[in-house]
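In: give me a model of this one.
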Amino acid sequence: MSEQRRGERLDQPRAPRGLHLPRIDADSFGRWAEGIARGMGTANFLVYMTLILAAWFLWNTLAPAHLRFDPYTFTFLTLVLSLQASYAAPLILLAQNRQADRDRVSLDEDRRRATMQKADTEYLAREIAALRIAMGDVATRDFLRSELTRLAEELDEAAERRRKLERRQHERGQQDRGQQDRGARRPPGGRPLDEPRDELDGDHAHDVRHQSPT
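Out: Model (predicted):
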């Protein structure tokens, strides 16, 4: 008794007790069930099942009595069909559950991809809007052409004003040189040497002003 108590230690987990069932690979069994369910849902299965039932009925009806293994009322056939139905229903349900799981995973993946595509579309839409706003501040070809045309017109006007200014300066310089030449030809008395005396230039008035003090 003491040895049994000594063997059961409280600091160690107790080993599970009970019936140990063999572990079955659910994935492999599910693929096998899907194969059976897929085969039972075909036209070949219905044709072969009909041929087997017809042969069963004919053999157990027309064959000699000592060769009939399932005489009328076909009790054994009823048992076989009941077993088939009892196994077919769980196999079909298992196949449907696996298909539903795949559909759920596929829907989740489609939803995730749709969310990503929506996010990408919104990002591209924002980028395009930003580019359109930025392009509004960028000089276009027509704007550059109009600005260059306006600048060329301003340059032409500036060149024309410069030519006019140079022409005026040239004319003013000629006038100044002419006045200097006329002043150089005047004698100390103030009257030009070669200019005739007339009333248009005010020569007589000039003589009168000089003679009035005397």
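
In: let me know the helix or strand that residue 31 is in.
Out: Assessed by DSSP states H and E, residue 31 sits inside helix 26-40.

In: distance of the residue nearest the centre of the chain from residue 104?
Out: The centroid of the chain falls nearest to residue 124 when counting by C-alpha atoms, centre = their mean (3.7 Å). Residue 124 sits 30 Å away from residue 104, going by C-beta to C-beta, to the nearest Å. Every C-beta, even on glycine, is put in place using the N, C-alpha and C of the backbone.

In: over to residue 171?
Out: Remark: distance between residue 171 and residue 104 (C-beta to C-beta) = 99 Å.

In: can you list the low-confidence ranges for this protein?
Out: The chain contains residues with pLDDT under 70 at 1-9, 15-21, 137-139, 181-214.

In: report the longest helix in the chain, please.
Out: The residue-count maximum for a helix in the chain (DSSP state H) belongs to helix 75-136.

In: output the contacting helices and strands for it.
Out: Packing partners of helix 75-136 (3 or more C-beta pairs under 8 Å, 6 or more residues apart in numbering; DSSP states H and E): helix 26-40.

In: what comes up buried for the helix it packs on?
Out: By neighbour count with 16 or more other C-beta atoms under 10 Å, helix 26-40 contains the buried residues 30, 33-34, 36-37, 40.

In: switch those residues over to TSV; also include distance to residue 108.
Out: Below are the buried residues of helix 26-40 laid out as TSV (distance: C-beta to C-beta, whole Å):
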residue	distance to residue 108
30	19
33	23
34	21
36	28
37	24
40	30
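
In: what's the most distant pair in the residues you listed?
Out: Pairwise distances across the buried residues of helix 26-40 peak at 15.5 Å for 30 and 40 (criterion: C-beta to C-beta).

In: residue contacts, residue 155?
Out: When the contact criterion is C-beta atoms under 8 Å, 6 or more residues apart in numbering, residue 155 has no partners at all.

In: can you name the helix or strand that it falls in?
Out: Counting by DSSP H and E, residue 155 is found in helix 141-185.

In: helix or strand: which one has residue 69?
Out: Under the assignment here (DSSP H and E), residue 69 is part of no helix and no strand.
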